[in-house]
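Enquirer: quick one, what's the 3D model for this:
(2 chains)
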Amino acid sequence: SQTIHQWPATLVQPVGSPLSLECTVEGTSNPNLYWYRQAAGRGLQLLFYSVGIGQISSEVPQNLSASRPQDRQFILSSKKLLLSDSGFYLCAWSRGSREQFFGPGTRLTVL
Amino acid sequence: GENVEQHPSTLSVQEGDSAVIKCTYSDSASNYFPWYKQELGKGPQLIIDIRSNVGEKKDQRIAVTLNKTAKHFSLHITETQPEDSAVYFCAASPTSSGTYKYIFGTGTRLKVLA
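Expert: Have a look, this model is predicted:
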């Protein structure tokens, strides 16, 4: 069966510090991968998606970036965090069928 | 642009009663509509979905209906239980996306009162 992992689960970072969040998927190959952000009490905003290694599409302009160094690994990064980057970050995967499956999320607090 | 509106934002029901959450979408080309349940501090979990060639789908106490003409779809939960308390999200998937990108509603916080 397929599983999706995210780490860390929680993170507190100062403004201006770098960020690296990691997502890995097990039990499938060549998945589509997605990064979402969920602000407190809000819906899910798609940040990036990837259909293959090295292929990244950005949905919203921001100071975040994404990379896919391996087939089942998706990384969300920032060189300098802003207060507005605080939120709950979710990674998701899909393959073949339309269903997207979400990971457990990372709660990021920027102080 | 593409948009999904979801109502109500909060919903409280007595245990055993039914709950209905409604969503409308703007892209008439959308043909896939999933519903997710998110418990506090966790990632959303897919609970049911419907494709545009179907008007209704049921899975035990959960059902979803789709009206393509009106561009709205609804989640129905019958015989609600305390463990149904969570935030529910609807989504629409425009066919032009290719990668199955979703447009999410803003969520409904359901509270089932024992």
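
Enquirer: for the rest of this, base every contact and every neighbour count on C-alpha atoms.
Expert: OK.

Enquirer: for A:S17, the count of nearby residues, please.
Expert: A count of nearby residues for A:S17, using other C-alpha atoms under 10 Å in any protein chain shown, gives 12.

Enquirer: these two touch, right, it and A:K80?
Expert: Yes: using C-alpha atoms under 8 Å, A:S17 is in contact with A:K80, at 5.0 Å.

Enquirer: list the buried residues for stretch A:37-57?
Expert: Buried residues in stretch A:37-57, defined by neighbour count with 16 or more other C-alpha atoms under 10 Å in any protein chain shown: A:37-39, A:43-53, A:56.

Enquirer: contact partners of that stretch?
Expert: A:30-36, A:58-60, A:66-71, A:86-90, B:89, B:99, B:102, B:104-107 (C-alpha atoms under 8 Å, 6 or more residues apart in numbering or on different chains).

Enquirer: swap the cut-off to 7 Å and go again
Expert: Stretch A:37-57 has contacts (C-alpha atoms under 7 Å, 6 or more residues apart in numbering or on different chains) with A:30-36, A:58-60, A:66-71, A:87-90, B:104-107.

Enquirer: give me the ChimeraX select line for the residues you listed, limited to the buried ones.
Expert: Command for ChimeraX that selects the buried part of the contacts of stretch A:37-57, burial taken from 16+ other C-alpha under 10 Å:
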select /A:30,31,32,33,34,35,36,66,67,68,71,87,88,89,90 /B:104,105,106,107
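
Enquirer: ok so, going back, tell me the one of the buried residues of stretch A:37-57 nearest B:E5?
Expert: Taking C-alpha to C-alpha as the measure, B:E5 sits nearest to A:G43 out of these, at 10.6 Å.

Enquirer: how about the residues of chain A near chain B?
Expert: A:R42, A:G43, A:L44, A:L90, A:R98, A:F102, A:G103, A:P104, A:G105 (C-alpha under 7 Å from any C-alpha of the partner chain).

Enquirer: could you redo the last one with a cut-off of 8 Å?
Expert: A:32, A:42-46, A:51, A:90, A:98-105 (C-alpha under 8 Å from any C-alpha of the partner chain).
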